[in-house]
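[1] My questions concern the predicted model and sequence given below.
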Amino acid sequence: MWVFQLSLLFITGIIIGSFLNVIIYRLPNNVSIVTPRSYCPHCRKTIPFYRNIPLLSFLFQKGRCAECRVKISFRYPVVELLTGVLWMWAFSVYPLPKALLFVWMSGILTVIAFIDAKHFTVPLSLIVAMFAVLFIYNISEPTMVTDSIIGGIVGTTYLGLVLGLTWLLFKKQTMGFGDLQLVFICGIWLGAIQVLLMIFMSSIIALFYWGFISFRSATQRNQRLPFASFIAPVTIIIYAIGFEFTSLGL
Ligand SMILES: [Zn+2]
């Protein structure tokens, strides 16, 4: 029975993941999320429903469009698989309201990570979508409110200071205000202690990434970093590990 429930969660997750892929592609390009039906970004042919099955279509078509044979981005199966795993995790580990909040937050954070990596922007609509649901959740769980408010303030203040300091030192803006808004939201979700850990970890990973691209080519050294692409996955991981802390009574 357990296997059946997990499979159902996984299938739901990959279907949602397939929808997240649509948002990742359409939101920054200002295309409606509802219409038109899914199409190949290369040949623009509509994809029939039987060729639009999450994960399976990609596997059967060996990662290529059935019409024009152009390679489909690896992002599609990766996001679907990831969302499937996150759904299985959420509903096996958390009570129902917390599980729903987890799939909502992790889903939107996945979208933000991929959009920022390509477009260097964090859509405000996604920030608002996360804030609205966190607001409702916190009203229903009053014990969490103080930690959430402090988390949001601590995270934003800390990153704001880093932003101000690097501005003074390097005379350039090292991150965008979208990053600040995102850290505010992640602080509300994570709480005060974990948001600091999250910023610390994201900065270290971003620094390694910057070192790596600078080593490969000097011209890329001055390129902006998609900081949200680091914040988003680290937030999901720290939130998930946080469960272990609380279960141990720490
Ligand atoms: Zn095509």
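    On my side now, so go ahead.
[2] rest of the way, CA atoms for contacts and neighbours
    Will do.
[3] if I look at the closest residue to residue 37 other than its chain neighbours, how far off is the ion?
    Once flanking residues are discounted, residue 37 sits nearest to residue 46: 6.5 Å by C-alpha to C-alpha, 6 or more residues apart in numbering. Residue 46 sits 9 Å away from the ion, going by C-alpha to the ion, to the nearest Å.
[4] now swap in residue 189 and tell me
    Taking C-alpha to the ion, one finds residue 189 at 39 Å from the ion.
[5] what about that residue, how many residues close to it?
    29 (other C-alpha atoms under 10 Å).
[6] same thing with the one 10 residues further on?
    Residues lying near residue 199 (other C-alpha under 10 Å) number 22.
[7] ok, now the one 4 residues further on?
    The number of residues packed near residue 203 is 15, by other C-alpha under 10 Å.
[8] now swap in residue 5 and tell me
    13.
[9] can you check residue 223 too?
    Neighbour number of residue 223 under other C-alpha under 10 Å is 12.
[10] one step back: mind listing what the residue nearest to residue 37 touches?
    Contacts were defined as C-alpha atoms under 8 Å, 6 or more residues apart in numbering; by that measure residue 46 touches 37-40.
[11] So which of those reach the ion?
    residue 40 (C-alpha under 5 Å from the ion).
[12] and the gap between the residue nearest to residue 37 and residue 29?
    18 Å (C-alpha to C-alpha, to the nearest Å).
[13] do residue 73 as well
    In this view, residue 73 and residue 29 are 17 Å apart by C-alpha to C-alpha.
[14] Show the pLDDT at the residue nearest to residue 37.
    Residue 46 carries a pLDDT value of 92.
[15] Are any of the contacts of residue 46 buried, and if so which?
    Among the contacts of residue 46, those classed as buried by 16 or more other C-alpha atoms under 10 Å are residue 38.
[16] would a markdown table of the contacts of residue 46 with secondary structure and pLDDT be doable?
    Below are the contacts of residue 46 laid out as a markdown table (DSSP: H, G, I helix; E, B strand; the rest coil; pLDDT from 0 to 100):
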| residue | secondary structure | pLDDT |
| --- | --- | --- |
| 37 | coil | 88 |
| 38 | coil | 89 |
| 39 | strand | 90 |
| 40 | coil | 91 |
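[17] Of the contacts of residue 46, which is the nearest to the ion?
    Minimum distance to the ion across these is 4.5 Å, recorded for residue 40 (C-alpha to the ion).
[18] Could you look up the SS state of residue 179?
    What DSSP: H, G, I helix; E, B strand; the rest coil gives for residue 179 is helix.
[19] Excluding sequence neighbours, find me the nearest residue to it.
    residue 228 (5.9 Å).
[20] Make sure the one you found is actually in contact with residue 111.
    No: taking contacts as C-alpha atoms under 8 Å, residue 228 lies outside contact range of residue 111: 10.4 Å.
[21] Compare the two (neighbour count), which wins?
    For residue 228 versus residue 111, the count of surrounding residues by other C-alpha under 10 Å is larger for residue 228: 28 against 24.
[22] buried set for the strand or helix carrying the more buried one?
    If you go by DSSP states H and E, residue 228 is part of helix 227-247. Residues of helix 227-247 classed as buried: 227-236, 238-240 (neighbour count, 16+ other C-alpha under 10 Å).
[23] Switch those residues over to TSV; also include distance to the ion and pLDDT.
    Shown next, in TSV, are the buried residues of helix 227-247 (distance: C-alpha to the ion, whole Å; pLDDT from 0 to 100):
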residue	distance to the ion	pLDDT
227	32	92
228	30	95
229	28	96
230	31	96
231	33	96
232	30	98
233	30	98
234	34	97
235	35	97
236	33	97
238	38	95
239	38	95
240	37	94
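[24] any idea where the helices of the chain begin and end?
    Remark: helices assigned in the chain by DSSP state H are 2-26, 56-60, 75-93, 96-119, 124-140, 145-170, 177-190, 192-216, 227-247.
[25] which of these is buried the deepest?
    helix 177-190 (a mean of 24; mean count of other C-alpha atoms under 10 Å).
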